[in-house]
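Undergrad: below: sequence and its predicted model.
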Amino acid sequence: MGMMHIPGHEGQKPREVSLEEIRSVMGDCRLCQLCQTRTNIVFGVGNPHARVLFVGEAPGKNEDLQGEPFVGRAGENLNRILSLAGLRREDIYIANVLKCRPPGNRNPAADEVLACSPYLREQIRSIWPDIIVTLGNPASHFVLKTETGITKLRGRFHQMGHFTVMPTFHPAAALRNPAWQQLLEADFKMLGDYLAAHPAGSGLEAATMEAAESERSDALPSLEG
Ligand code: URA
């Protein structure tokens, strides 16, 4: 699959296209069946220059009604544990693999992920974060291009080209399983330690950014379908 066509851009580089331009291409998206049952498209929210991008699965009921990701119970859990990583909600950007709610919160179908994924890819390219935190299996599988389960993936960082990826449990799943909640919190502390050890603008980050900017982002496998 090639890059998404965004009017006025060709072979877009990291941070070249704004989130507003991507949202505008999305319009009243009808690329999959979820358009028939959604109330609102849930595009994503937060700091367009975030160092840390969080990726969830799909909007739930509250998100569908309000048009914002992670505003329900999972979002409350996320807000509570963000401070363990030294982060505030306004520091980060949050998006989902699917932009529309699957009826009854069922798992995303493969064809829905395929249809929706160009939007997430362009969001990642636009924000160009240092770190992507993937919440749960669908987000982790999409970003890390693996089928390995989250219990095996979590607890460490993975490198995908420019991006440092931290897969962890989904905050909604952790609410139902206290042992997972503990591990989720341990992962957020690990993220806080990583951020403290790699401050923005540190030598390592500057070098990565330089390399990234000189590189056409369509050469990165993790951003292609
Ligand atoms: N779960 C998700 O994965 N995303 C949301 O936005 C809400 C709940």
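TA: It's in. Residues are numbered from 1 along each chain as shown.
Undergrad: what are the boundaries of the helices in this protein?
TA: For the chain, the helices defined by DSSP state H cover 19-26, 61-66, 73-82, 110-127, 137-144, 150-153, 171-175, 178-197, 203-214.
Undergrad: and the gap between His141 and the ligand?
TA: 13 Å (Cβ to the nearest ligand atom, to the nearest Å). For glycine as for every other residue, the C-beta is placed from the backbone atoms N, C-alpha and C.
Undergrad: quick check: closest non-adjacent residue to that residue.
TA: Glu147 (6.1 Å; Cβ to Cβ, 6 or more residues apart in numbering).
Undergrad: return the residues of this protein in contact with the ligand.
TA: Gly56, Glu57, Ala58, Pro59, Gly60, Glu63, Pro69, Phe70, Gly72, Ala74, Asn96, Ala172 (Cβ under 6 Å from any ligand atom).
Undergrad: residue in this protein nearest to the ligand?
TA: Residue of the chain nearest the ligand, by Cβ to the nearest ligand atom: Gly56 (2.9 Å).
Undergrad: give the bridge partners for that residue, please.
TA: Per DSSP bridges, the residues bridged to Gly56 are Asn96.
Undergrad: tell me how many other residues crowd Leu19.
TA: 18 (other Cβ atoms under 10 Å).
Undergrad: low-confidence ranges in this protein?
TA: Residues of the chain meeting the criterion pLDDT under 70: 1, 203-225.
Undergrad: with adjacent residues omitted, what lies nearest to the residue nearest to the spatial centre of it?
TA: Closest to where the C-alpha atoms of the chain average out (Cα atoms, centre = their mean) is Val55, at 2.4 Å. Closest residue in space to Val55, ignoring its immediate chain neighbours: Ala139 at 4.2 Å, by Cβ to Cβ, 6+ apart.
Undergrad: so who does that neighbour touch?
TA: Val55, Gly56, Glu57, Asn96, Val97, Pro167, His170 (Cβ atoms under 8 Å, 6 or more residues apart in numbering).
Undergrad: again, but for Asn77
TA: Pro171, Ala172, Ala174, Leu175, Gln181.
Undergrad: if I pick the residue nearest to the last one when sequence neighbours are not counted, what's in contact with it?
TA: Spatial nearest neighbour of Gln181, chain neighbours left out: Ala174 (4.1 Å); criterion: Cβ to Cβ, 6+ apart. Contact criterion Cβ under 8 Å, 6+ apart gives Asn77, Trp180, Gln181, Leu183, Leu184 as the residues in contact with Ala174.
Undergrad: quick check, nearest of the residues you listed to Ile132?
TA: Among these, Leu184 lies closest to Ile132 (Cβ to Cβ), at 16.1 Å.
Undergrad: give me the neighbour count for the closest one.
TA: 23.
Undergrad: quick one: it and Cys29, what's the gap?
TA: Separation of Leu184 from Cys29 (Cβ to Cβ, to the nearest Å): 31 Å.
Undergrad: now the two most distant members of the contacts of Asn77.
TA: Ala172 and Gln181 (10.8 Å).
Undergrad: so for these two, which residue has more residues nearby?
TA: In this view Ala172 and Gln181 are compared by other Cβ under 10 Å, and Ala172 has more residues nearby, 20 against 17.
Undergrad: skip the chain neighbours and tell me the closest residue to the more buried one.
TA: Ala74 (3.8 Å).
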